[in-house]
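S.K.: From the sequence below, what's the structure:
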Amino acid sequence: MAEPQGYANHAQYRRVYHYVVLPIFIVNAGVFLWRAVRQPDLAHWWAALLAVAVVAYMWDARSAMLTIQDRLIRLEMRLRLERLLGPEGARQAAALRVGQLVALRFASDAELPGLVRRVLAGELVRGRDIKRAIGDWQRDTLRA
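M.R.: Predicted coordinates for the structure are as follows:
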């Protein structure tokens, strides 16, 4: 059985992306930039520009994927909050920021209403504070 998920171990890293592909492309861009500075000609500068563009594209693609994930979490949480808090509570919870909703998704249905009240009251503001306040952590392994 997998280790229970909680605040200390919830961050997800894509092993191939974070530990293999991205570092290789960053080092590659550095090598091509170094080569272009040491031997400044059009071919070296073009290769350096292309290497930097690939890293920028990878970063942008990852950011877009995480934005889409956050939008899905926002939708899921709005539906969940309407079910748990009713229409009036969901209307009040509409003031929650996306980062707060992303943090609240780990809370159980039983403790979610109380946490939402604490966030709306300003007691919990940042995502990490919200996550630390969760007592009954709901595992989420389907993340990008």
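
S.K.: Every contact and neighbour count from this point should use C-alpha atoms.
M.R.: Fine.

S.K.: Does the top helix by length along the chain pack against any helices or strands, and if so which?
M.R.: For the chain, the helix with the greatest residue count under DSSP state H is helix 42-93. Here helix 42-93 touches helix 22-38, helix 98-104, helix 112-120, going by 3 or more C-alpha pairs under 8 Å, 6 or more residues apart in numbering; DSSP states H and E.

S.K.: How about the longest one, which residues are buried there?
M.R.: To tie it back to what came earlier, the one meant is helix 22-38. 22, 25-26, 28-29, 32-33, 35-36 (16 or more other C-alpha atoms under 10 Å).

S.K.: One more: the last one?
M.R.: Using 16+ other C-alpha under 10 Å as the test for burial, helix 112-120 gives 112-113, 115-116, 119-120.

S.K.: got a list of what the most centrally placed residue in the chain touches?
M.R.: Nearest to the geometric centre of the chain sits Leu66, at 5.6 Å (C-alpha atoms, centre = their mean). Listed by C-alpha atoms under 8 Å, 6 or more residues apart in numbering, the contact set of Leu66 reads Ala144.

S.K.: How confident is the prediction for it, by pLDDT?
M.R.: Here, the pLDDT recorded for Leu66 equals 92.

S.K.: Any regions of the protein where pLDDT drops low?
M.R.: For the chain, the stretches with pLDDT under 70 are 1-3, 8-9.

S.K.: hmm, 90 instead?
M.R.: Low-confidence segments of the chain, defined by pLDDT under 90: 1-15, 18, 138-144.

S.K.: sorry, back to before: among the buried residues of helix 22-38, which one sits closest to Lys131?
M.R.: Leu22 (28.1 Å; C-alpha to C-alpha).

S.K.: Could you check how far that closest one is from Arg143?
M.R.: Distance from Leu22 to Arg143, counting by C-alpha to C-alpha, to the nearest Å: 19 Å.

S.K.: before we move on, what about Val55?
M.R.: Distance, Val55 to Arg143, using C-alpha to C-alpha: 22 Å.

S.K.: Which one's more surrounded, these two?
M.R.: Val55 (20 against 11; other C-alpha atoms under 10 Å).

S.K.: that's a strand at Asp140, yeah?
M.R.: No - using DSSP: H, G, I helix; E, B strand; the rest coil, the assignment for Asp140 is coil, not a strand.
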